[in-house]
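> For reference, the sequence and a predicted model appear below.
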Amino acid sequence: MTTAIEVRNLHHRYRGAGDHPPAVGDVSFEVEENQFFTLLGPSGCGKTTTLRCIAGLEKPDSGEIRLGEVVVVSDRTFVPTHRRDIGMVFQDYAVWPHMTVFENVAFPLRMRSNRRVRTSELRKKVMPMLEMMGMTQFEKRRATQLSGGQQQRLSLARALVREPEVLLLDEPLSSLDARLRAQMRTELRRVQRQLKVTTVFVTHDQIEALSLSNEIAVMQDGNIVQQGRPRDLYFHPDSEFVGNLVGAANLITGVVHTVGDVDSDGIRRVEVATDLGTVVCEDASEQALNTGMNCSVLVRPEAVLMHHSEPEQRENIFVGRVDLGLFIGEGVEHEVTVGPIGLKIKVPTSVRFRRDDKVYVEIPSKSCVVFAQ
Amino acid sequence: MTLLQDSPPSEPPAAPSRPRHLSLLDNIYARRLRGRTVMAILAIAVLLYLVGGPLFILATSTFQKNEFGLPLSAGSRWTTENIQTVFGSSETYHVLITTLLFALGSLIVAFIVALSFSWLIERTNIPCRNLLFVLVVAPSGMPLLITSISWSLLLNPTNGVINQFLHAVLGIKFSAYSLPGMILVQAFGMVPLTFLLITGSLRSMNGVLEDAADASGANRWRIVRKITLPLLTPALLGALIYEFVNSVENVDVPLVLGLPGHITVLSTTIFNNTHPATGLPDYGLSSTYGLLLLILALGPLIVYDRAIGSGGKYATITGRVRRPTRIDLGRWRIPMFIGAMSYIVVSFLLPLLILIFASVQPFYSGVNKAAFGKVTLNEWRNIWHTGSVGMAIKNTILLGVVVSVGTMLLSVMIAWVIVRARSRFIWILDLLAFMPHAIPGVVIGLSVLLLYLMLPLPIYGTIWIIVIAQSTLYVSLGTRLMGAAIAQTQVVLEEAAAASGAPMRRIWFRVIIPLIRPSFFNGALLVFMASMQNLTLPLMLSSPGNVVLSSLIWDRWNYGLPTQAAVLSVVMTAITVTIAALLRGGSGTRDTV
């Protein structure tokens, strides 16, 4: 595998930001060729600034960026945006209202040379692109006569038409409504697979990040706090912040009671004394854990099991009372009071629980993640 | 991921060599950065030259005295004599009070009329609303000079038509050559623009805000007081400040109506000191008056800035906008319409008709039976053979074209730098571009006059000095218009072009210019019309060689040739009303942007 993008020690502070922390503190990462790489984080975490630095729309204070073989940013170099081999899709589509659909897509091709390009030549590249996006019938329409979803597909076609080395996506789905967003998500992944273009994707939506990416870098306050494959991030977050960001989570605070030995799979049993009682966790991390340390236990709502009668021979069983049940079609989201705390528990619709039911809550130890404070 | 690849990478992985640095020639960014900076510096330099230079001369010549000629030249000395003269004489205070009365009086009348029309047209079910709109705005095509002349024909104490009528029926007369007369005519002139400035925000106001007050139990009057008027405040204040500067800066009404009645305001004081009937001009003294007028005009602006500039209190609230419901006038519908039409007849139609009538009289002497017998088209035939008319038309077109195109090009550049640049120093440019808005035209005329009397540039006495002065006057208008247009085009449209491989030059030609073209043409047309209508600057800077239509009309009127003045006025009004109509047509086709 070759590295398609390399970002090293990127640092950027917006002018006039005063004492505020820098937009990007010290960011380094590499993206392998053909990968779908996502920068995920809440607004203001520096993910968009990082992307804009890769695009050349922002000139970072320091750091180095390499696209393919070309160093585009370093102490002594700054290649302007239009000289970088990129395609970019913006949040608000950014289709040019004074051009037709065809002209919008043809624009990057025209920019390749200073002489006039013949329309027949352009069509050879533009039409397959429009076809891929299912937009051939709109060829002659003005870009403003398209719906939001069509505009975003047009914007994607425009970004891809010059077969860029790198595709940059700046929250391309966030302006769309929920149904369209789901549809475009599938389409985006299909197109990226088909064209095999290295992609950097910026989003604050964990579902987009998890479903589309080969690799996710979670950013917080201008720095990458954890980087890994979607499953790793979801099941083994390094911190409460990441755990919360990539999905709904229950966090139970407590104190480490005992720490077992690491077995052959790299897993150790940790017992945590919490307000619920003792919670047994299977910890796969390499963090230092000692008896008496403050810690918190993270468990996903859908990982928690709920029973009407007490199950036998199991650990981590707690008695609770159902507070609230929200039927959401694919399942039911419950708020359950267990001792002094409330837990979010998502169960399939097959078993019904009613308000004020006494229930037995089971937290599987392999689904528990422990964070030392 | 390699497993999924169809073929192995064509090249072996590059050895970890030193990163390849691009050559200096490749490094366009440095050049683009410089291009942007150069643009900003160029804009600041041009503005400093246009705005800063004249103001500097104005300030210094206030403290200079030279009995025989120019300030800052041989024989002049530093002194505070001018200040003492100006502030020591009771005449100054008299002029100051007259100026304020004139300005405030005309503002009150103009705002009452404009607000009434805005409310009637935007918020009630008065009939023929589109026609009324056009008729209220149409007089904006009539230059204030011409309005003044026609009102002099209608209301002069000897043979004014309305006075003849009033005298015959009621035995009274109302002289146009009085302060109330001047206030009335100035107000007529200001109504169209005031109306346009207010009506837009009244129309775009979100009706939901009023509905919410309604649903909260407020009655109609409380809604107006607590919701509608506070929401209109920025527009009203903005219009008020703008029209205040308008009412103190121009010489049209004060010259045509004030001079015969011996009513002097600051603008005419400045004009008289630089263009005395006898003797040498006193530039030091007129500079001091100019400075006084500048301060008078700046005062309200600073108050406005404090009121509006202090926060997002008046920020436009985005969200779904619903047009407010129209109020049913009931049985007042027709009487209101008749009232509105009567105003239009009196303020626009009557002046137009009297001008046409005066243009077919050998010598205007009122409207009576004898006068109808003497109708002749002689002057319409003969006037074109006088040499100065041909020159005036040529100069007017040259002036209008150069000023509108030049000012708008400069404005686009300034506006783009202001809107898009992220430099800390951009406020300098912003301030410089805004300044001419606050500087009364007569002061700009005076400062430019002084500057080019002193600078060894051969433009004094040519049309180019008026070009420069008008460019200074209109650059803030142009910058405002283009700033709004550029701010409306999202910056991502430019960024998307860059990300598509377009260099700066091509972004300008393929994206920025096409997107702002409608606004640019509209702005240019607006400046062209304003340039044609403007009398103050051509008069302040007049020489035999640079006469334009407006200064020629004044010249003929002043020489006692009302027929010639009337012919030229009809011609000019026809042209400017046509342009005004084109303007609205142009502004209606912006749905694509």
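All right, it came through fine.
> Quick check, central residue of chain A?
residue A:209 (2.7 Å; C-alpha atoms, centre = their mean).
> For residue B:168, see how far away that residue is.
As judged by C-beta to C-beta, to the nearest Å, residue A:209 and residue B:168 stand 88 Å apart. C-betas here are computed from N, CA, C, even on glycine.
> Which other helices and strands does the strand or helix carrying residue A:208 contact?
Assigned by DSSP states H and E, residue A:208 belongs to helix A:206-212. Counting contacts by 3 or more C-beta pairs under 8 Å, 6 or more residues apart in numbering or on different chains; DSSP states H and E, helix A:206-212 is packed against strand A:36-40, helix A:178-195, strand A:198-203, helix A:230-235, helix A:240-246.
> closest to chain B out of these?
Closest of the helices and strands packed on helix A:206-212 to chain B is helix A:178-195, at 8.9 Å (criterion: C-beta to the nearest C-beta).
> so the closest one versus strand A:198-203, what angle?
160 degrees (axes from the mean of the first three to the mean of the last three C-alpha atoms, to 10 degrees).
> So helix A:178-195, near chain B or not?
No. Judged by C-beta under 8 Å from any C-beta of the partner chain, helix A:178-195 and chain B are separated, with a smallest distance of 8.9 Å.
> So what's the residue count around residue 109?
Answering for chain A, as no chain was given. Residue A:109 is flanked by 20 other residues according to other C-beta atoms under 10 Å in any protein chain shown.
> was after chain B, sorry
18.
> May I ask which helix or strand encompasses it?
Residue B:109 belongs to helix B:90-123, assigned by DSSP H and E.
> elements contacting that helix?
Going by 3+ C-beta pairs under 8 Å, 6+ apart, helix B:90-123 lies up against helix B:129-137, helix B:179-204, helix B:229-249, helix B:266-274, helix B:283-309, helix B:333-344.
> Out of those, flag the one nearest residue A:41.
Comparing the helices and strands packed on helix B:90-123 by their distance to residue A:41 (C-beta to C-beta), the top pick is helix B:283-309, with 35.0 Å.
> Could you tell me which ranges of chain B sit under the pLDDT cut-off?
B:1-36, B:67-75, B:305-322, B:422-424, B:584-593 (pLDDT under 70).
> centroid residue for it?
Centre-nearest of chain B using C-alpha atoms, centre = their mean is residue B:530, 6.4 Å out.
> buried residues in the helix or strand residue B:522 falls within?
Using DSSP H and E, residue B:522 falls within helix B:513-533. Residues B:514-516, B:518-533 are the ones in helix B:513-533 that count as buried (16 or more other C-beta atoms under 10 Å in any protein chain shown).
> tell me how far it is from the chain's mean position?
With C-alpha atoms, centre = their mean, to the nearest Å as the basis, helix B:513-533 stands 13 Å off its chain's centre.
> Over to stretch B:479-496?
23 Å.
> Restrict it to CA atoms and write it as CSV.
What follows is stretch B:479-496, C-alpha atoms only, in CSV (Å, rounded to 0.1, in the frame of the first residue of the first chain):
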residue,chain,number,x,y,z
THR,B,479,-19.0,50.0,-3.0
ARG,B,480,-22.1,49.5,-1.0
LEU,B,481,-24.0,48.0,-4.0
MET,B,482,-21.2,45.8,-5.0
GLY,B,483,-20.4,44.8,-1.5
ALA,B,484,-24.0,43.6,-1.1
ALA,B,485,-23.8,41.7,-4.4
ILE,B,486,-20.5,40.0,-3.5
ALA,B,487,-21.6,39.1,0.0
GLN,B,488,-24.6,37.5,-1.6
THR,B,489,-22.5,35.2,-3.7
GLN,B,490,-21.2,32.5,-1.4
VAL,B,491,-17.5,32.3,-1.0
VAL,B,492,-17.7,28.5,-1.6
LEU,B,493,-18.6,29.2,-5.2
GLU,B,494,-15.1,30.8,-5.6
GLU,B,495,-13.5,28.0,-3.5
ALA,B,496,-15.2,25.3,-5.6
